[in-house]
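A.B. asks: Provided below are the primary sequence and the corresponding predicted coordinates.
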Amino acid sequence: MTSDAQPIGGPLFTRTFNILAAVGAAGVLLILWRFLVGLGASTALSDGYPLGLWIALDVVTGTALACGGYGMALVVYIFNRGKYHPLIRPAILTSALGYTMAGASVAIDLGRPWNMWKIPLYVRNWNLNSALLEVALCIMAYVAVLWIELSPAFLEKFRDGGPPLLRRFATRSLPVLEKALPWIIALGMLLPTMHQSSLGSLMLLAGPKLHPLWNTPFLPLLFLVTCLAMGYSMVVFESVFSSAVFGRKAETPMLIPLQRIAVWTGLGFVMFRFVDLAWRGQLPLVTRLDLRGIAFWIETLLWILPAVLLAVSRRTDLGSLFRGAICIALAGSLYRFDTFLVGYEPGPGWHYFPSVPELFMSLGLIAIEIAAYIAIVKRFPILGGMRARS
Amino acid sequence: MDTTRRTLFRTLAAAATMSVLPSAAEARERRVAPNDAVGLLYDTTLCIGCKACVVACKAANNMPADVDGYGGGIYDAPEGLNGTTKNVIQLYREGDRSSYVKKQCMHCVDPACVGACMLGALQKGPYGIVAYDPAKCVGCRYCEAVCPFNVPKFEWAKTAPKIVKCELCRHRIAKGKQPACSEVCPRGAVIYGKYTDLLDEAHQRLERDPGKYVPKVYGEREVGGTQVLYLSHVPFEKLGFRFHDEQAVPHVQQTVQHGVYQGFAAPVALYALLGAVMFRNRRGGSDDQ
């Protein structure tokens, strides 16, 4: 995976970076506090809503938004469109950061995290019926795979001017890695296919407690499809964002086809959903405009809106491309969030709204993720293909 | 590098392990209670709401008092099942119709929690009792999310929390005793016994006094069957039993999951396919250049 990517350079401690770092630090302090006082005192979680913001947002939604690496790998390596290669590294970086943060969220969310190491090692105790086991193993493996996929970016930098020891290590390991990478990249496409669909299977087991607007045996398929649409949209979002923030030439010609994939996937998703609702005899539910009906329609409109934007805008209109990408990312996020929280009905008397510390722990992790992205693209060869505007 | 390689190796080893295990992809059959299954039969028409069972349960399981409920911090008066309460008596009242109802784990024949649990911290053990082993529990609380009866509870106040649920006093049963709740019940409103005997007894009571009960033994078929059975004089929905589908909760998820994975053959095949396509593309050069 040789690349003509270049570090962006420039000062690291900008105002934005410092604010992100401060929010991140606050999050880390809150996380330490959470381990001192326990989950009851630090969160709004309850026996009725045992899975809350951290699972629904950071893990279920966050990993899907981090599927740009998965989606781009499919385009470049399976559908063999080499011209998209410059988009791979930033996408893999976002994926690696997103999945790492999801892993961190899980560790914070678990009541007994000191038993976590047993999940991959207690092979004889594995419950092969458990979709959660599969999700856990896949995500653990995928985090490792993503950082390996990204490692050439770090090794190239060290090879071209690191401390002698690192330089020697980089020079020796890069050719080995080059040979191994195809197998790792293939694993990097298999694992998300498995766990992104299994994230949907998770709520299949909560079946009776899941509102019929979301409860379908096709949940795994719908989850897989949404993560791809969200992944492509995030690649578009990030590319437009990076070009604006770092003053780089926009990669518009590459982004339009990606956004088009996302939009068509979204439209297919919406159509499939209505057919599925009709097949299950639940179609009348969409006319009931209670909280869940409204949530369903917001999702649906957000999926459709980008198609309108794409149809009416001029080909090079970066703004509507950007807005369309945000719509898709939001649509998929809401769909997943609703499946885990809004559509989840534990019974009368239970309510959930995340506590302030819960929100700030999530916010802190997201801030760290963005700060790390900025730091890494400035210092390591991630963004490439297009030269910066002078 | 070393750790990542080990993780990778572990994943591949895992894939291999999973692929040699017998495929569970065949249509999922309805589970039946094990031959040695035991359970409880609770009859709302006999319960007087004395809560002796609640007290006895706490004593038998060393559970602390729950003073957060009624009584202003003086009484152990749990409002429902929680991190300190494995068994509770609740009251339903609507006009002049009322009923007590006892809540504890239903010990499902085909439990959702057992299907959810990653390392089998929750498992159906001897006598069909759904038992908990904290050593294998990571505290993910997925069991709570999937239980159709909202039975498993979490010790939210603790920094080393466990899942709390009725285990049918399996420590007492192992010593030849019966569960504390049924032992102390002064009216025989909850009785302990062999699952099949309890089912017979329930049907006899229905036959003997058809006007007295809703004509149904809750748990005989519901959500795939439960080893704790209920007879009631008020509709079961009123007592908080929301689900009446006879299909076991894990049925759909496990049918879909195993149908897709085919005993892990499908992921292996997909990996081979992805690898082959990449190999071909590498040699042939990119399609758009």
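C.D. replies: It's in. Numbers count the residues shown, from 1 in each chain, chains lettered A, B, ... in the order given.
A.B. asks: For B:K175, grab the count of nearby residues.
C.D. replies: Residue crowding around B:K175 was assessed by other C-beta atoms under 10 Å in any protein chain shown; the count is 8. All C-beta spots, glycine's among them, are computed from the backbone N, C-alpha and C.
A.B. asks: same question but for B:A269, I mixed them up
C.D. replies: Taking other C-beta under 10 Å as the criterion, the count of residues near B:A269 is 11.
A.B. asks: tell me which strands and helices the helix or strand containing it is in contact with?
C.D. replies: Secondary structure from DSSP states H and E places B:A269 in helix B:265-284. Under the contact criterion of 3 or more C-beta pairs under 8 Å, 6 or more residues apart in numbering or on different chains; DSSP states H and E, the helices and strands touching helix B:265-284 comprise helix A:164-205, helix B:2-20.
A.B. asks: Please repeat the previous calculation with a cut-off of 6 Å.
C.D. replies: Using 3 or more C-beta pairs under 6 Å, 6 or more residues apart in numbering or on different chains; DSSP states H and E as the contact criterion, the elements in contact with helix B:265-284 are helix A:164-205.
A.B. asks: how distant is the helix it packs on from the center of its chain?
C.D. replies: Relative to its chain's centre, helix A:164-205 lies at 16 Å (C-alpha atoms, centre = their mean, to the nearest Å).
A.B. asks: Okay, B:G72 and A:A41: tell me how far apart.
C.D. replies: Note on B:G72: its distance to A:A41, by C-beta to C-beta, to the nearest Å, is 22 Å.
A.B. asks: Likewise for B:R221?
C.D. replies: With distances taken as C-beta to C-beta, B:R221 is found 42 Å from A:A41.
A.B. asks: gap between A:G384 and A:S242?
C.D. replies: Computed as C-beta to C-beta, the A:G384 to A:S242 distance reads 11 Å.
A.B. asks: So which of the two has more stuff around it?
C.D. replies: For A:G384 versus A:S242, the count of surrounding residues by other C-beta under 10 Å is larger for A:S242: 21 against 18.
A.B. asks: Please identify the helix or strand for that one.
C.D. replies: Assigned by DSSP H and E, A:S242 falls within helix A:219-245.
A.B. asks: Can you mark which positions in that helix are buried?
C.D. replies: Residues of helix A:219-245 classed as buried by neighbour count (16 or more other C-beta atoms under 10 Å in any protein chain shown): A:219-240, A:242-243.
A.B. asks: That helix - contacts with which helices or strands?
C.D. replies: Judged by 3+ C-beta pairs under 6 Å, 6+ apart, the packing partners of helix A:219-245 are helix A:62-65, helix A:68-73, helix A:164-205, helix A:252-279, helix A:318-337.
A.B. asks: any idea where the strands of chain B begin and end?
C.D. replies: Assignment of strands within chain B using DSSP state E yields the ranges B:38-43, B:88-94, B:97-103, B:122-124, B:130-132, B:153-154, B:163-164, B:190-194, B:228-231.
A.B. asks: Now chain B against chain A: closest residue?
C.D. replies: Nearest to chain A, among the residues of chain B, is B:G139, at 2.4 Å (C-beta to the nearest C-beta).
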